[in-house]
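**Q** The sequence isn't on hand, but the structure is:
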């Protein structure tokens, strides 16, 4: 039986992307501490393909960067599901969005809105609306346009 979150994804016409490649670093995709689940940084991958690369404001448009952030949200939901977390028991607490930015680009918050809006659309305001920071970075791993990490609460 599909979870409420998976039913909502289908209702929105959204599909979770294929599984992510194995981490290239010595790390976990998630770490649990009590009822908190920490998600390592994720990017705009579709399976093994990094979809958006380069500097936002130079190589990547604002609209494409927002789409990259939305894809990153779907990847994070996929990670949580694949790691065995009950998606219906999750509440999004905090997100940090890092944007590979051209020095003249100052609209990082609008980029990360692509992530936040996707999470709220899928989980609803009560469980999806989260605290958030967005910042510009001089460079990113593999030149990805966006990387986002998050903290979720596993409700009991």
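**A** Thanks, I have it. Nothing here was measured: the structure is a model prediction, and the numbers come from that model.
**Q** could you measure residue 3 against residue 77, distance?
**A** 10 Å (C-beta to C-beta, to the nearest Å). Every residue, glycine included, has its C-beta placed from N, CA and C.
**Q** Helices of the protein, start to end?
**A** 4-12, 62-82, 108-128 (DSSP state H).
**Q** ok and the first one relative to helix 108-128, angle-wise?
**A** Helix 4-12 and helix 108-128 meet at an angle of 120 degrees, taking axes from the mean of the first three to the mean of the last three C-alpha atoms, to 10 degrees as the criterion.
**Q** who touches helix 4-12?
**A** Applying C-beta atoms under 8 Å, 6 or more residues apart in numbering, the external contacts of helix 4-12 come out as 2, 15, 16, 77, 81, 87, 88, 90, 121, 122, 123, 124.
**Q** mind putting the helices of the chain in CSV, distance to residue 28 and mean pLDDT included?
**A** Listed next are the helices of the chain as CSV, based on distance: least, C-beta to C-beta, whole Å; pLDDT from 0 to 100:
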stretch, distance to residue 28, mean pLDDT
helix 4-12, 22, 96
helix 62-82, 10, 98
helix 108-128, 21, 99
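**Q** For residue 51, which of these is the nearest?
**A** Nearest of the helices of the chain to residue 51, taken as C-beta to C-beta: helix 62-82 at 6.4 Å.
**Q** Tell me the buried residues in the closest one?
**A** For helix 62-82, the neighbour count (16 or more other C-beta atoms under 10 Å) marks 64-81 as buried.
**Q** Can you spell out which helices and strands pack onto it?
**A** Helix 62-82 sits against helix 4-12, strand 36-42, strand 45-46, strand 90-100, helix 108-128, strand 146-154, with contacts defined as 3 or more C-beta pairs under 8 Å, 6 or more residues apart in numbering; DSSP states H and E.
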